[in-house]
Structures are given as structure tokens and as C-alpha cells.
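Trainee: dropping a prediction and its sequence here:
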Amino acid sequence: MAALSNQEVARAFSEMAELLAIRGGDPHRARAFHRVARVIVNLPESVDRMLRYGTLQKTPGIGEGTMHRVKQILRRGTFDDLEALRAQLPAGLRELVKLKGLGPRTVRQLYQRFRVTTVEQLEQAARSGLLAQLPRFGVDRIHAVLREIEAFKNRFGKAPLVEALRTVETIAGELREAGAVEVSPGGSLRRHKAMIGDLDVLAAADDPRPVVERFRSMGGVAREHSSGSAEASVRLESGQQADLWVFPLENWGAGLHAFSGSKEHVRALRARARRFGLHVSEHGVSTRADGRRVNPGRLEEEIFAAVNLPFIVPELRESLGEMEAAEAGRLPELVRAEDLRGDLHLHTSASDGSGTAREMARAAIELGYEYLAVTDHSQSLTVANGLDERRLAAQRDELRRLEAELGRLQLLAGCEVDVLADGTLDLEPSALRRLDWVVASVHEHFDMDAEEMTARVVRALETGYVDCLGHPTGRRLGRRDPYPIDLERVFDVARRLGVAVEANGDPYRMDLDDAGCRMAREWRVPVVIDTDSHSPAHLRRREFALASARRGWLEKHHVLNTRPVAELRDFRAGRLRREGLVVTVPSRTVLVETREEAPAAVRGELVDALRASPLADELRERLRVYLESGEDAELDAALRELASNPVQVAFNLLMAS
DNA sequence: GCCGTTTTCGGCCCGACTGTTTTCAGTCG
């Protein structure tokens, strides 16, 4: 049996947390389980592997109790005290807590007094008047429960980031008209999560009343949920909930911070403030001793500065190590749109795109790109008018002509070749080796288990012709779950062969996701940030790939298409050479070793790590891989600083440790 | 359950709103 995924392991801890909250007792214990679940979902490697390598217990938030439970879960899929709690409380109660207005305490009472365990039973209890017997349950509250049950029944669920951003943009326009001087998305939307539940909108205004009033009465509002003097909550016709908070401009930064979340990040920052004798809220910073306000928080930077931290961008605010990194001065310099030199996955009207190669190229030039890979579908994807070898050859000639004509953009003749069900590629080697860039993707036959799917993708990579694995999990946001696949095994092979993985900017894919990007970073697999464009306008969708990449802590040097085109060609040629595949070098291309030296600072750190004793586990593994494959320019450079023969040094270090 | 500038026990973010009650518990973000 394949090892359980991090998501599956985390699910057990989430369930434990929810059941504990319902059972009652120390609420901090329940929260601790929630925290553990989050930490596990976001681990950079599989929990199974980290357990075996001893890195799990070093992870902040993972204590002895969790170690013990993880071992049980990996063995039997569950752990003892979860089973005990399941025996006490029916599963349906967890569903009930998800209804707005019902918390764990109310649900507990419902169960203890009336044995209510499902939404249907709750509805009955509300209609029969049973609920009125509970303390603090009046007629209004019962009606609120019934309305919420109605909303629950036809809840549309979460919206992909792209849709949520569009909705908030419309709302922002309304609020500005009503006098808001600043408007910003808040919550998970500002942190650029892939799927957005509630839409959070933040605004600054001298007088909040007209802004709140406009929010409640604007078009698209189905029902008002609640409102106050400077906040309001509505249900939109789309089924989504939208929440507004309005602050005075002098507290704008404090408000932004408080309502951008994540809850865990905000909580951690406030706990830190407490240690400084300070009190942080949306009203600014004050002293705990006498409540004197020391900073209203006009700018968000001031909130961080108050607790002696540099500004942390919203994408990182997940309480997954950003506070510690900020404290140590090691916040990542996240990759930005302006770092990208080209796009390596797009379609033209030759297959299922709507723009010609020329139109796509012009759009790329407008974005300031240096290169573009045209990667139409391959032949077996007939629904997308996929290209066969003959048509690909004709397209390559066309691209050469176009490149000469435009003069400002290098055009790579590529293909998004299908990974067939048996893991072979949908084009013959004769066609594959004449291409400049090959993206391999799974488009059909998703009904495989993780073992089969992983073997299929690995086989495709091992042909040696693949430069980048396209949308590695196949998810479609809100439509199709990712197919089961062991990403670690895929990354392991990708690193060994020198294959990149894609962070896809299709806003309904965003695949890899943030955790996947972080995992790629950990496995030192280069990531390509591209768009899978099907029209010229789509090239701007890089923002969605960037969202995943930035949330995954990726920096410029982790991303392949921040490099000059010569390095991309080198990346491909190097692998083809190593794999013993015939390399045809286009006469105009000079393969020069232009690989940038690792930045001196990074190399210095690495040299220090190599001098440390004992060597870190991760570094030992890296040395092993280096000795096997001879690859790892960064490590190589660091080793050369220790002695002239890097291989000998690596060998000695491994032997000595 | 986890953690440590109050460090192996005691504390764990904070404010606003709702519905109810008449001073506050529960919920939410």
C-alpha cells in the first residue's frame, strides 16, 4: 500500500480537533490539534519520509504526542484517542458545527439534550419548537438557524481565486463611490489562496456609514447576514458570503493586518506583541501596562515594526515559519512577475488556442519577455486538434521565420505532449528530439491509483525527452480533484534526470499548488512558472502561477524561466546528452556554459553547513546525490571552496560523518 | 498539545456582534 498522503494524515488530526471542541474541555488542546493538522498539510516532504529521516520531530508544532499519533496513523490509518472520541460522538456533529451561528458548545447541547446528530434532525428540532427549550434560544435565533440550513442545502461552496478577485473588484468600485478612500481584499483572498470561501473586503473611510450602507444595498446581495456601525456581512446571489470592515484611515495598516489573516499568523504576531508588553489589534498598537496607544498603525509595516519584525508579505502569513524567518532575517525574496523572462507553455490556433503564433508572440513582447515556447497539443488529443510530427515540423519552420521577422523574441518550437496511459509519450523520438521544449502532461485516463499514476508519469520522464512536467496533479479547481500521485517519487526522478515541474497559471488549475511548490523547492526540482495560455490575453495569467509559487516560498533562483534562454537550451541539451539521446544542435544556437554561479551568500551558507559537525541529514543526502549524479552546481561550487577536488571532499565528508 | 525574553508549568490574540437578558455566553473573523 502506498504511504498515506500528508492530507490524509492531517485529516485525522482535524477530526480530532473538531470532536474535542464539541466534547468540551480545554479549548487550547483542540486548537493544538488544528495547528498540527495545518502543519502536516504544509510539510515540505511526506510525513512518512520525514518520520523516517528524523526531521518530523524537529518541525515546530510537532511534539511528542503528535509523533506517537503519526506513527499510529501510518500503521493503521487512525490513532487511539481519535477512536475513543469517535465512539463517544457521532460523525454528523462535525457537519453541524460548520453551520454559521452554531459553534461546538451549541452542537454539544443539541446532542446531549435532544440527540440531534444531522442537519435534517436539526431542522426538525427547530420546526417542532424543541430548540426553544435551550438556553438563550429565542424566536429570532431559531429563524436564523432555519435560514442557515437553507443556505447550507444549496451552498455553492468556495470560488476559485480568479472569480473571487473579480467579485471584489466590482464591490470595491461601489465602495469607492460611497466614499471609501482605500479598498483592499482581505483574508485568504489577499493571501492569494487558490480557493476562497468568504470574501473579505477592507475599506478606509472618515465616515463608515455610507460605505457600510452601500455594501448592504449593492446589486448582487441576496440577503443581509449581520451589520454593525463599521462592518457588515451579506450573502451574495452566487451563494458566497461577503464581509466588510471599515476603519479610519489612521488605522488602515492595523486593520489590513488584523483582517488579512491567517488567524494563526495574527495570533502568533499578537502573542509576540504580548512578550514585548504590547497589545496589537485593528485599532493599532498600545502598551499592555496602561493602554497608552503607541502607534495607530497607518501603515501595515508599522505593525510589524512594533514587534521588531520586517514586513511579511500576505502570501507568507500562514504561520508556517514566516515569523521565525523574519526574526532571523531570512525571509525569502519571493519570485515576482518581473523576474520572468518568458513563458514555456501555451497553445495557438494550430491546436485548441484562439490566437496565432504571431499574436501570441506580440503579446509576449508586450510583457517584456525574451522568449516563448509554443507548445501545442500532440496528436492523440484529437478533441484539441493535436499536432503530429509532420505538422510540428511545419510549425517549427513557421516559428523560425516569425522569429527572424520579429527580431526581439526567441521562439522555442515545443509541444505539450500527452503522457499516454502506459506512460509512453504521444510522439516518436524522431519528433521529440527535434523540439526545443517538451512539456509532458496527463490529459486522459485519470482513473488510476497512485501507484499506477506515479509509475506512468515516471516512465514518461525517464524517456529523457521531457523538459517539464505539465500540471503535475491534474486538478481542476472546484471541478476535479487532483489525481492520486506520489509527488515525492516524481520529484525524486525529476531531480535525478534534470526535469522541471510546472506551476500552471490557468486560474482553474493553479497546479502545482502552494504545498507542491514548497515540496519542489525542498526537493530542489526547478519550477517553471507558465500560463498554459489559449489566447494572447492569457499570458497575464502568470499571476495565478505566481500565487502558488510565492505561497510556496519560491525565490527567483528556484524558477527556471527567470534564466536566459541559453540556459534553458543548456538544461535540455545537458539531459539529452546524459541520457545518451542524440542531440541535434540548431546551427544558430551556441551551447555555452552560462549557468550562473550560485549567489555568494548562498554558497557561503552552504560552505558553513559543510564545515558543521555532524552534517545535517539533508546535506548528507544531497552529498550522496551529488556523488551519484555529479550534478548540483551550487554544492559543487561550495565544495571547491574547501579543496580543489570537490568529489574527493564530498566523499570524505560522507565517510567521516 | 505545544512551547519557553515569566522556560518543565502556566498560558495560549482580540474585538465586535447577536440574541438574549439585564450582564453575558457564544460565535465569528
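Mentor: Done, it's in.
Trainee: got the contact list for the residue of the stretch 401-550 of chain A found nearest DNA strand B?
Mentor: Of all residues in the stretch 401-550 of chain A, A:R518 sits closest to DNA strand B, with a separation of 18.6 Å (CB to the nearest atom of the strand). To be clear about C-beta, it is placed using only N, CA and C from the backbone, and glycine gets the same treatment. Residues counted as contacts of A:R518 (CB atoms under 8 Å, 6 or more residues apart in numbering) are A:42, A:44, A:552-554.
Trainee: quick one: the strands in the stretch 351-500 of chain A, in order.
Mentor: Along the stretch 351-500 of chain A, counting by DSSP state E, counting those that start in this stretch, strands occupy A:371-377, A:410-418, A:437-441, A:468-469, A:500-504.
Trainee: the second one pairs with which strands?
Mentor: Taking DSSP bridges as the criterion, strand A:410-418 forms sheet pairs with strand A:371-377 (parallel), strand A:437-441 (parallel).
Trainee: turn those into JSON lines, including distance to A:G407 and mean neighbour count.
Mentor: Shown next, in JSON lines, are the strands paired with strand A:410-418 (distance: least, CB to CB, whole Å; neighbours: other CB atoms under 10 Å):
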{"stretch": "strand A:371-377", "distance to A:G407": "13", "mean neighbour count": "27"}
{"stretch": "strand A:437-441", "distance to A:G407": "20", "mean neighbour count": "26"}
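Trainee: any low-confidence regions in chain A?
Mentor: Low-confidence segments of chain A (pLDDT under 70): A:1-2, A:155-157, A:582-603, A:628-630, A:643-645, A:648, A:651-652, A:655-657.
Trainee: now the residue most central in space within it. Its backbone dihedrals?
Mentor: Nearest residue to the geometric centre of chain A (CA atoms, centre = their mean): A:D514, 1.7 Å. Torsion angles at A:D514 (phi, psi; degrees, to the nearest 10) stand at phi -60, psi -40.
Trainee: what does A:V313 give?
Mentor: phi -70, psi 150.
Trainee: quick one: contacts for it?
Mentor: Taking CB under 8 Å, 6+ apart, one finds A:334, A:550 in contact with A:V313.
Trainee: relative to A:R190, how far out is it?
Mentor: A:V313 sits at a distance of 10 Å from A:R190 (criterion: CB to CB, to the nearest Å).
Trainee: which bits of the stretch 151-300 of chain A sit near DNA strand B?
Mentor: A:186-187, A:198, A:200, A:226-231, A:233, A:241, A:243, A:259, A:263, A:266-268, A:270-271, A:273-275, A:279-283 (CB under 7 Å from any atom of the strand).
Trainee: greatest separation within the contacts of A:R518: which pair is it?
Mentor: Longest distance between any two of those is 14.2 Å, between A:N42 and A:L554; criterion CB to CB.
Trainee: what segments of the stretch 351-500 of chain A are helices?
Mentor: Per DSSP state H, counting those that start in this stretch, the stretch 351-500 of chain A carries helices over the ranges A:357-366, A:389-406, A:429-432, A:450-462, A:487-497.
Trainee: the stretch 1-150 of chain A now?
Mentor: Using DSSP H, counting those that start in this stretch, the helices found in the stretch 1-150 of chain A span residues A:6-23, A:27-41, A:47-53, A:64-76, A:80-88, A:92-97, A:104-114, A:119-127, A:139-153.
Trainee: most tightly packed of those helices?
Mentor: Mean neighbour count (mean count of other CB atoms under 10 Å) peaks for helix A:6-23 among these, with a mean of 21.
Trainee: what about dumping the CA coordinates of it to PDB?
Mentor: This file holds the C-alpha atoms of helix A:6-23, laid out as PDB (Å, rounded to 0.1, in the frame of the first residue of the first chain):
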ATOM      1  CA  ASN A   6       0.000  14.400   4.200                       C
ATOM      2  CA  GLN A   7      -3.600  15.400   3.600                       C
ATOM      3  CA  GLU A   8      -4.800  12.100   4.800                       C
ATOM      4  CA  VAL A   9      -2.700  12.100   7.900                       C
ATOM      5  CA  ALA A  10      -3.700  15.700   8.700                       C
ATOM      6  CA  ARG A  11      -7.400  14.800   8.300                       C
ATOM      7  CA  ALA A  12      -7.200  12.600  11.300                       C
ATOM      8  CA  PHE A  13      -5.900  15.500  13.400                       C
ATOM      9  CA  SER A  14      -8.500  17.800  12.100                       C
ATOM     10  CA  GLU A  15     -11.200  15.400  13.100                       C
ATOM     11  CA  MET A  16      -9.700  15.000  16.500                       C
ATOM     12  CA  ALA A  17      -9.700  18.800  16.900                       C
ATOM     13  CA  GLU A  18     -13.300  19.200  15.900                       C
ATOM     14  CA  LEU A  19     -14.500  16.300  18.100                       C
ATOM     15  CA  LEU A  20     -12.500  17.700  21.000                       C
ATOM     16  CA  ALA A  21     -14.100  21.100  20.600                       C
ATOM     17  CA  ILE A  22     -17.600  19.500  20.700                       C
ATOM     18  CA  ARG A  23     -16.800  17.300  23.600                       C
END
